[in-house]
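Undergrad: how would this look folded up:
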Amino acid sequence: MVDVEKAPGAGPGEEPVRRADAEGCLAVAVRIPVRIVALVLVVPVRMVWDALAVVGRFLRDTVLRPVGRALGWLGRALGWLGRALFVWPLVALWRYGVVPLAKGVGRLGNVLLVVPAVWLYRWVLTPAGHVLARFLTWVGAVLAAIGRGLYAGLAWLARYLLVVPGAWLYRWVLTPVGRALARCGRGLAWCCGQVARGVGLVVTGVGFVLYWTVRVLLVLPALAVWRWVLVPVGRALAVVGREVADAVEHAWRIAGHLSRAVGRFLGTLLRWTVVEPVRWVYRSVLTPVGHAVRDAVLRPLAEAGRGAGRAVRQALASARLSVRQARADVRRMLFGEPAERQPVDRREPSAAETRTLGSSTTALTKD
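TA: Residues are numbered from 1 along each chain as shown. Next up is the predicted model:
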């Protein structure tokens, strides 16, 4: 009977497999109170958040965007004004003032400084440098020959005054002394090794005692506290934290539905108490009144204004014509009638004459 109730695949010495979604009594006991408290605390916060979001969208659409567009237009206007007042004058000054002046100064400097300096370098300094280089080469060759002789003499003196005596001293004095010192050092090292081995044994024993002392007094109690106190408390806190997070998420979702319902109710109430009456007043009262005012007052005023404008334009045209005639009369009285223009022979026939095949009225065949 026991084997039948075990999970499939479990051996006689194995524990039954636990379900991944199994919940303990602590989670079940904590879940309901935590969700109630979270719902009570989160619903006002969610409603305030949704109200602030609606206000923010309203301000963005009605205030911030128009202000931003106005500031953009103002910035473009100021930019154009800045270019017109500062950039374009400076560019013109640079292009038509500074650049031609700099080119003139550069050409003047080239003529007054660069050309004479090039001529001096090519025809004065270069020949003098060649002569000086040849003289220094000859002096260097002489000094090199003298140096080679001195080097050979000093090398011979150093060989027979330093190298030969040093080799003899190394072979017959320093080598025997060094071998004796090496033997003494090996003996001293063996003695020190024995002493160090004994000290190592002592240190190993002391370390073994200290290790077990620290393990018994510190490590084992700390391990017991970790295993039997901190781990269970941590698991309980993890369960409580998970349930709190799930409760807050669940409460936030429910608060969102409640906030949406309240918002729809307030929107419907605002629509039927403010928007619809205002729309009815606008459609049923203000629109007919506006049409009546337009037909009874504005259109007659516009027609009267247009008639007055036409009359004024006609009066101005008559005045201009009178002024032209008076000016022509004054010119005629002062200077007389203008001379008549002489008729000019036309290459094409006049309208009275018709062009036919037998007539010679064309420009090539007429007499």
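
Undergrad: alpha carbons only for contacts and neighbour counts from here, please
TA: Will do.

Undergrad: for Arg122, helix, strand, or coil?
TA: Of the three states, Arg122 takes helix according to DSSP: H, G, I helix; E, B strand; the rest coil.

Undergrad: burial count for it?
TA: Counted with other Cα atoms under 10 Å, the neighbours of Arg122 add up to 11.

Undergrad: distance of it relative to Val115?
TA: Look at Arg122 and Val115: by Cα to Cα, to the nearest Å, they are 11 Å apart.

Undergrad: tell me which element His130 falls in.
TA: Element membership for His130 (DSSP states H and E) is helix 126-158.

Undergrad: C-terminal to that helix, what's the next element?
TA: Remark: after helix 126-158, the chain's next helix or strand is helix 164-169, criterion DSSP H and E.

Undergrad: what's the next secondary structure element after that following helix?
TA: For helix 164-169, the following helix or strand on the C-terminal side (DSSP H and E) is helix 175-214.

Undergrad: could I have the CA atoms of the very next helix or strand once past that following helix written out in CSV?
TA: With elements assigned by DSSP H and E, the helix or strand that comes after helix 175-214 is helix 220-225. Once side chains and other backbone atoms are set aside, the C-alpha atoms of helix 220-225 remain, and they are given as CSV (Å, rounded to 0.1, in the frame of the first residue of the first chain):
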residue,chain,number,x,y,z
LEU,A,220,30.1,24.8,14.1
PRO,A,221,27.9,27.2,16.1
ALA,A,222,27.8,29.6,13.1
LEU,A,223,26.8,26.7,10.8
ALA,A,224,24.1,25.6,13.2
VAL,A,225,22.7,29.1,13.4
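
Undergrad: rounded mean pLDDT for helix 220-225, please.
TA: Per-residue pLDDT values over helix 220-225 give a mean of 90.

Undergrad: with stretch 109-125 instead?
TA: 89.

Undergrad: low-scoring stretches of the chain, by residue?
TA: 1-30, 336-367 (pLDDT under 70).

Undergrad: quick one, strands of the stretch 201-350 of the chain?
TA: Under the criterion DSSP state E, counting those that start in this stretch, the stretch 201-350 of the chain carries no strands.

Undergrad: the stretch 201-350 of the chain: helices as residue ranges?
TA: For the stretch 201-350 of the chain, the helices defined by DSSP state H, counting those that start in this stretch cover 220-225, 231-270, 276-281, 287-293, 299-335.

Undergrad: just name the most buried of those.
TA: Per-stretch averages of neighbours, counted by mean count of other Cα atoms under 10 Å, single out helix 231-270 among the helices of the stretch 201-350 of the chain, with a mean of 15.

Undergrad: which strands and helices sit next to that helix?
TA: Helix 231-270 sits against helix 25-59, with contacts defined as 3 or more Cα pairs under 8 Å, 6 or more residues apart in numbering; DSSP states H and E.

Undergrad: what angle separates the helix it packs on from helix 231-270?
TA: For helix 25-59 against helix 231-270, the angle between stretch directions is 40 degrees (axes from the mean of the first three to the mean of the last three Cα atoms, to 10 degrees).

Undergrad: helix or strand right after helix 25-59?
TA: Downstream of helix 25-59, the first helix or strand assigned by DSSP H and E is helix 65-82.

Undergrad: for that next one, the distance to its chain's centre please.
TA: Here the centre of helix 65-82 is set off from its chain's centre by 22 Å, with Cα atoms, centre = their mean, to the nearest Å.

Undergrad: by how many degrees do it and helix 25-59 diverge?
TA: Going by the same axes, to 10 degrees, helix 65-82 makes 50 degrees with helix 25-59.

Undergrad: after helix 65-82 comes which helix or strand?
TA: Sequence order places helix 88-93 as the next helix or strand after helix 65-82, per DSSP H and E.

Undergrad: how far away from the center of its chain is that following helix?
TA: Here the centre of helix 88-93 is set off from its chain's centre by 31 Å, with Cα atoms, centre = their mean.

Undergrad: helices or strands up against that helix?
TA: Applying 3+ Cα pairs under 8 Å, 6+ apart, one finds that helix 88-93 contacts no other helix or strand.

Undergrad: kindly format the C-alpha coordinates of it as CSV.
TA: Below are the C-alpha coordinates for helix 88-93, written out as CSV (Å, rounded to 0.1, in the frame of the first residue of the first chain):
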residue,chain,number,x,y,z
TRP,A,88,25.4,87.6,-42.6
PRO,A,89,27.3,90.9,-41.8
LEU,A,90,30.2,88.9,-40.3
VAL,A,91,30.3,86.6,-43.3
ALA,A,92,30.2,89.5,-45.7
LEU,A,93,33.0,91.2,-43.6
